[in-house]
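S.K.: show me how the following folds:
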Amino acid sequence: MIQGIEFAGIASGIKAQGLDLGLVIFKEDMHVLSLYTRNKVKAAHILYDRKIDGNPVRALLVNSGCANACTGKEGVTDLHAIGQELSSMLGIEKEKVLFASTGVIGRRLPAATIIRALPALLKNLKKNRPEVFAQSIMTTDTFPKIIHETFSGKKNYSIVGVAKGAGMINPLFATMLSFVFTDYPIAPGSIKRVFSSAGRETFERITVDGECSTNDTVMLFTKGGDEDLSGLPAFKEKLLSVMRELSLMIVKDGEGATRVIHVTVTGVRKKEFAEKIARRIAISPLTKTAFFGCDPNWGRIIAAVGDADVPVQPSKVEIILQGEVLVKEGVEVPFDEQTMKKRMDKKEVELVVDLHDGKASYDIYTTDLTYDYIKINASYRS
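M.R.: Purely as a prediction, here's the structure:
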């Protein structure tokens, strides 16, 4: 799909069944930029990768089924051992191998199992199938998440995005891994701010359950060599588009979710206030269960607004659900409940809360909260 980049994925035995080990090999040195979880507890791969961030890289090894988080010094030591074996097989420096993990927290990575699987994984590269790599990094995901776009500069370029994530999803970030690859030659310093901004506008605007993971990682790999600055505007546009699509795939695949709710808070004095209110609504179990039941219970929404710890004038609040005004100046506007239930019974629901108190706004995507979410997470370890 992209010249000079090969993908592979196999079932190595980390999980009881299914693909669980993915590999990406770069024929030439690649630049890398990374965004990591803001959780104070961080997985071993983040601690390991951070020490070599900024160096040219030649390989990315990703496992599912084991988060390799809260595993002490041994968690990082295991990565050193795996990296030594893989780099030796590839004939590259160990410092050019990056890692990422996802799965259950607290379990030590089965390093010996992974090392034994490396020859088969390298052989699998001949098939070069990005979709198999995408499947190998899934946990409770119900479908692989992959995007391919093209754009032009001095020549035509490709950009491919792959992600995993379905539960433990919360802005800043989520239990998600996302990797974006491109053959576009651009130095990290030229796009660092663009990449960070794209992360804030995409992956930080989704939530499923308000839980922040130890493993969240977003990586951008770009080609080395002379920069093609003529393609920079098109690359910026496509990068944002790919990251947005991946983030929306994640929230649409939220564990047990039956619908996606787009929450927009507007008419606020400051953007930070609008963001606090939007996030408060988006993670409220009461609002989320109401959306699951197609219940136009706007009282839960306005209660969340008032609990966001920002200035609010209740007498100015307007609530619009699926295009219909339910609340005006803080009080209910008569509506037909059965009609609203039908309007809410959609895969995507639009909620707008207008404070009529300023010009700032913020939007976020969330899901409903269902029986299946509880079933999935009540037995995640088993």
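
S.K.: hmm, residue 286 is touching residue 300, no?
M.R.: Yes: between residue 286 and residue 300 there is a contact under Cβ atoms under 8 Å: 4.3 Å. Every residue, glycine included, has its C-beta placed from N, CA and C.

S.K.: more crowded one of these two?
M.R.: residue 300 (19 against 14; other Cβ atoms under 10 Å).

S.K.: tell me the contacts of that one?
M.R.: For residue 300, the contacting residues are 284, 286, 287, 290, by Cβ atoms under 8 Å, 6 or more residues apart in numbering.

S.K.: of those, just the buried ones, ChimeraX syntax please.
M.R.: To isolate in ChimeraX the members of these that are buried, counting by 16 or more other Cβ atoms under 10 Å, one can use:
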select :284,287,290
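
S.K.: I'd like the contacts of residue 300 as JSON lines, with distance to residue 22, secondary structure and pLDDT appended.
M.R.: Putting the contacts of residue 300 into JSON lines (distance: Cβ to Cβ, whole Å; DSSP: H, G, I helix; E, B strand; the rest coil; pLDDT from 0 to 100) gives the following:
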{"residue": "284", "distance to residue 22": "35", "secondary structure": "coil", "pLDDT": "93"}
{"residue": "286", "distance to residue 22": "38", "secondary structure": "helix", "pLDDT": "94"}
{"residue": "287", "distance to residue 22": "36", "secondary structure": "helix", "pLDDT": "94"}
{"residue": "290", "distance to residue 22": "38", "secondary structure": "helix", "pLDDT": "95"}
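
S.K.: which members of the contacts of residue 300 are the farthest-apart pair?
M.R.: 284 and 290 (8.9 Å; Cβ to Cβ).

S.K.: in this protein, where's the longest strand?
M.R.: The strand that spans the most residues within the chain, counting by DSSP state E, is strand 21-36.

S.K.: pull out the buried residues from it.
M.R.: So, applying 16+ other Cβ under 10 Å, buried residues of strand 21-36: 21-26, 30-36.

S.K.: buried residues in the lengthiest helix in the chain?
M.R.: When the chain is parsed with DSSP state H, its longest helix is helix 232-252. For helix 232-252, burial by neighbour count (16+ other Cβ under 10 Å) applies to 232, 234-236, 238-252.

S.K.: that helix: how far from the chain's middle?
M.R.: 11 Å (Cα atoms, centre = their mean, to the nearest Å).

S.K.: after it, which helix or strand is next?
M.R.: Next helix or strand after helix 232-252 toward the C-terminus (DSSP states H and E): strand 260-268.

S.K.: tell me the secondary structure for the residue lying farthest from the centre of the chain?
M.R.: When each C-alpha in the chain is compared with the mean C-alpha position (Cα atoms, centre = their mean), residue 334 comes out farthest, at 39.3 Å. What DSSP: H, G, I helix; E, B strand; the rest coil gives for residue 334 is coil.

S.K.: tell me the pLDDT of it.
M.R.: We note a pLDDT of 95 for residue 334 in this prediction.

S.K.: ok, it to residue 343 distance?
M.R.: Using Cβ to Cβ, to the nearest Å, residue 334 is found at 15 Å from residue 343.

S.K.: how about residue 86?
M.R.: Taking Cβ to Cβ, one finds residue 86 at 53 Å from residue 343.

S.K.: ranges for the strands of the stretch 151-300 of the chain?
M.R.: Secondary structure of the stretch 151-300 of the chain (DSSP state E, counting those that start in this stretch): strands located at 156-164, 169-170, 173-174, 177-185, 217-223, 260-268.

S.K.: quickly find the element holding residue 340.
M.R.: helix 337-344.

S.K.: and the angle from the longest helix of the chain to strand 260-268?
M.R.: If you take axes from the mean of the first three to the mean of the last three Cα atoms, to 10 degrees, helix 232-252 sits at 120 degrees to strand 260-268.
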